[in-house]
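Novice: what follows is a predicted structure for the sequence shown.
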Amino acid sequence: VAVRRNSATIGLAAVVAVLVVVNGFEPFGQRAASWVDNLLQLSAGVTAAVCGFAVARRYNGPQRWWRLLTAVGMTCWSGGQVMWSWYQLFDNRGLPSPSLADVGYLLLPVFVLPALLVLATARAEPSPRTAHFGTAVVLDGLVVTGSLFILAWEVALGRVVHAHLPDALTWAVAIAYPITDLIMVTVAVLLVVFDRFDRRNQANLLLLALGVVALACSDSIFVYLVSIGAESMKPLADAGFVLGPLLIGYALLAMPAERSKARHPDSVDWWKFVLPYLPVMAVGGLFTVQLLSGGISTTMKSVLPLTIAVVVLAAAYSVRVSVELTARLTQTQHQAGELAASRTRIVQAQVTERRRIEHHLHDGIQQDLVALLAKLRLARNTLSSNADRTGAVLTEAQDDVYRVIDELRELAHGIHPAELTDQGLVAAVRSRARRAPISVAVHTEAPVDGRRFTADIEESAFYLISEALTNVLKHARATQVSIRLSLADGTLIVEVADDGIGIPLACREGSGLTGLRDRVAATSGTFEVINNAKGGTTVRAQLPAQEATSDASARAS
Amino acid sequence: MPAREHLRILIADDHYLVREGTRRLLEDSGHVTVLATLGTPDELLTAVEHEQPDAVIVDIRMPPSHHTEGITAAQTIRSRYPDIGVVVLSQHANEHYAFALFQHGTSGLAYLLKERIGDLDELIRALRGVTAGRSVIDPRIVEVLLHAHTRTTDSPLAQLTPRELDVLRLMAEGKNNHAIARTLTLSASTIEKHVNSTFAKLGLAEQPGLHHRVTAVLTYLRHDPPTNDQ
């Protein structure tokens, strides 16, 4: 439906555009063309106003206000247009200035400017600010404002200023058009460039801005004609007065896009980066035209160096941003590579662990059970003949079962210690410490005791301590180990310190420590190995400590 | 309270073969009548109310979530019916589960590893113990706690003689002087002497009742000795 409506909209706009162009050639004489032209302008203005009022009723808040303001502006403009048409069609005045029509026309910016600002404030969420946003605003703002001003000056403003108009009022009215247009267009372009509006309202703002630009184009021609004292205005020059209100009407009709349809928030609109330079390109074009026609204006001569200076400044700034972006890109690629490598290692570790468990089940426990089966069979064989022997074998079998149960318990504990889930991190660490062959002291700071964290944090912290302890027992020749658990600023700090021989520098990056590092990195924590000054090693990790849900903490109590 | 000759008990375990096997073993001993076997803590609590047994055997992991429902059920029964003893059977050889069971008091409660089912005499002894208001703790748990103390050279436990350590271990398991004497094949008066000297060396006050003694010993063992690392 949306697609069909879109194509209908575009079709209508195209038809109107064609009509305006065809009418511009005055196929049925000047009088008929003037009638068609005035009717088109009037109907476009009225349509925009009606659209604005109708759609505004369906909304609340800023969405209603910017539409109401624009609709009121278009109503005033249409009022001016009625006056204008009367002058043109019945009073036979070609280019009346100043006139009552100017009052209606000049009221449009009074309402559209606030409408633009209201639309800009209708944001669902504040947009994220990229680095150097302030500098970008100043430079791009200068580029946009400066080049638009040059354009306006060259086309209309400068001419009016220097024109010899009959009286002050004529002059004031003539100059009011380019000034208000310049302000509206600059504000609209700056709003688009600096993303000062909700992405959902992008279509509204763009259409509104285009409408304003279209009106400004025809306004400039009008003012130019006034300044040279022309008698009338050609229907083709009025194209902006038809298409402008039409575009504004579309802006009022456009619905805010659905959130799901909105593009990915991280996506970048490349044209927004180009937009500030479009007016610059137009200035360049104008300069080229003046150069070719051999009449570079004095204003152009004096302002052009300034423009070039600002553009060069902006370019220099772009270079700086590019350098920074390249550096960040390199850094990001490096991090991505590291991440991929650690993911591979984690998966490999998982596979190795599964193989170990499978091996243990098949070659350990299953074999024990088979042996047990043989013993039971033996007991059964000797049942009738040798009761004493049977008793001895059954006792053996029972002892075997005790052993298998122990083995299973060890294995299950190795896969996941149940007390970690049931009793929490501190209890699991304490019982791990009690089972170590050397003295292991566990120090906990008050808030850690009895606190439950999310399962992955508890598990990571426990395995870190457990693995570090295993490393100490295997390699460090330590006599004492001290485990410290503390909580600071939402970070769980885990420390395993021993008084052993320390880790040789070559082993610091070894596979055992890499496994610990990966495990900590998977929780976005940090990990370090410190050789103590007094001898021995400290393994220290900081993990982001999300508190567990009430369910888990209820279990802990 | 004199120990009853014949025990009337309930068994709660969500594993059918385990609870029926345990029932047969206990009934074959001739010392125990199993009034009913149940699969969930709720069924157990209802049956306890109706049957008023002497003691209850309950598995630590039970529906709905298979964590420590058995411990909760044991504490509920002890608080509602102070005369009914509870033996919790556990697959965890981990002292923190025992601490959790004993956190509101030790009397009339036992924490045994599940494989003690194979050691029928020990199981029946534990049932008689909790029925009489004593407490029993699995030797494996006591072993871990003692080990954590003895590996530190400056622990007060280092001052105990090997005999006194044996006595401490058996006290922690919940045995009375008589049972300790029988286990170590020594006279009751010798045991009493060892008990007194052990308490003195650990700096513990003499405890009037047996379950107070267990509590004191467990509390002592529960806290690892201070280390001189910092």
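Specialist: That came in fine, so what should we check first? Numbering: from 1, shown residues only, chains lettered A, B, ... in the order given.

Novice: how far away is the most far-flung residue of chain A relative to its centre from chain B?
Specialist: Going by Cα atoms, centre = their mean, the residue of chain A most distant from its centre is residue A:385, 84.7 Å out. Distance, residue A:385 to chain B, using Cβ to the nearest Cβ, to the nearest Å: 24 Å. Where C-beta positions appear, they are placed from N, C-alpha and C, glycine not excepted.

Novice: in a helix, that residue, correct?
Specialist: No: Residue A:385: not assigned to a helix; according to DSSP: H, G, I helix; E, B strand; the rest coil it is coil.

Novice: show me where pLDDT drops low in the chain?
Specialist: You didn't say which chain, so I picked chain A. A:1-6, A:123-133, A:195-199, A:256-269, A:505-511, A:549-557 (pLDDT under 70).

Novice: wait, I meant chain B there
Specialist: In chain B the weaker segments, taking pLDDT under 70 as the threshold, are B:1-4, B:153, B:211, B:225-230.

Novice: grab the most central residue of it for me.
Specialist: So for chain B, Cα atoms, centre = their mean, it's residue B:136, sitting 2.0 Å from the centre.

Novice: my guess is it contacts residue B:86. True?
Specialist: No: if you go by Cβ atoms under 8 Å, residue B:136 and residue B:86 don't touch, sitting 10.6 Å apart.

Novice: tell me, what's touching these two both at once?
Specialist: B:109, B:110, B:130 (Cβ atoms under 8 Å, 6 or more residues apart in numbering or on different chains).

Novice: what does chain B put close to chain A?
Specialist: Residues of chain B that fall close to chain A, judged by Cβ under 8 Å from any Cβ of the partner chain: B:67-68, B:91-97, B:100, B:114-115, B:118, B:144-145, B:147-148, B:151-152, B:224, B:226-227, B:229-230.

Novice: which ones among the residues you listed map onto helices?
Specialist: Among the residues of chain B next to chain A, DSSP state H puts B:95, B:96, B:97, B:100, B:144, B:145, B:147, B:148 in helices.

Novice: just the buried subset of those residues, please.
Specialist: B:95, B:96, B:97, B:100, B:144, B:145, B:148 (16 or more other Cβ atoms under 10 Å in any protein chain shown).

Novice: from residue B:134, how far off is the second one?
Specialist: Read it as residue B:96. 22 Å (Cβ to Cβ, to the nearest Å).

Novice: can you spell out which helices and strands pack onto the helix of greatest length in chain A?
Specialist: For chain A, the helix with the greatest residue count under DSSP H is helix A:298-359. Packing contacts for helix A:298-359, counted by 3 or more Cβ pairs under 8 Å, 6 or more residues apart in numbering or on different chains; DSSP states H and E, involve helix A:133-152, helix A:277-292, helix A:387-415, helix A:511-522.

Novice: for residue A:361, find the nearest of these.
Specialist: helix A:387-415 (7.4 Å; Cβ to Cβ).

Novice: helices or strands up against that closest one?
Specialist: Short answer (3+ Cβ pairs under 8 Å, 6+ apart): helix A:387-415 packs on helix A:298-359, helix A:367-381.

Novice: if you set the cut-off to 10 Å instead, what comes out?
Specialist: helix A:298-359, helix A:367-381, helix A:418-423, strand B:109-113 (3 or more Cβ pairs under 10 Å, 6 or more residues apart in numbering or on different chains; DSSP states H and E).

Novice: about what we covered before: and the residue farthest from the centre of chain A, what does it touch?
Specialist: Not one residue lies near residue A:385 by Cβ atoms under 10 Å, 6 or more residues apart in numbering or on different chains.

Novice: tell me, how many residues neighbour residue 219?
Specialist: Just going to use chain A. 24 (other Cβ atoms under 10 Å in any protein chain shown).

Novice: nope, chain B
Specialist: 13.

Novice: name the element it belongs to?
Specialist: Following DSSP states H and E, one finds residue B:219 within helix B:210-222.

Novice: roughly how far out does that helix sit from the chain middle?
Specialist: 12 Å (Cα atoms, centre = their mean, to the nearest Å).

Novice: just want the angle from it to strand B:109-113.
Specialist: Per axes from the mean of the first three to the mean of the last three Cα atoms, to 10 degrees, the angle that helix B:210-222 makes with strand B:109-113 is 50 degrees.

Novice: tell me where chain B has strands.
Specialist: When assigned using DSSP state E, the strands of chain B occupy the ranges B:7-12, B:32-38, B:55-59, B:85-90, B:109-113, B:136-137.

Novice: let me see the contact set for residue A:81.
Specialist: A:38, A:41-46, A:74, A:101, A:104-105, A:241, A:245.

Novice: hmm, I was thinking of residue B:157
Specialist: Here residue B:157 is in contact with B:146, B:148-151, B:164-165, B:168, B:198, B:201-202, B:220-221, B:225 (criterion: Cβ under 10 Å, 6+ apart).

Novice: if any of those residues are buried, give me the ChimeraX selection for them.
Specialist: Per 16+ other Cβ under 10 Å, the buried members of the contacts of residue B:157 correspond to this ChimeraX selection:
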select /B:146,148,149,151,164,165,168,198,201,202,220,221,225
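
Novice: what's the closest of the contacts of residue B:157 to chain A?
Specialist: Proximity to chain A was ranked across the contacts of residue B:157 by Cβ to the nearest Cβ; first place goes to residue B:148, at 3.9 Å.

Novice: so what does the nearest residue to residue A:531 once chain neighbours are set aside have for phi and psi?
Specialist: Closest residue to residue A:531 apart from its sequence neighbours, by Cβ to Cβ, 6 or more residues apart in numbering or on different chains: residue A:502 at 4.9 Å. Taking degrees, to the nearest 10, you get phi 80, psi 160 for the backbone angles of residue A:502.

Novice: what's the neighbour count on residue A:502?
Specialist: 18.

Novice: was I right to think it contacts residue A:471?
Specialist: No: the criterion here is Cβ atoms under 10 Å, and residue A:502 misses it with residue A:471 at 12.0 Å.

Novice: joint contacts of these two?
Specialist: residue A:537.
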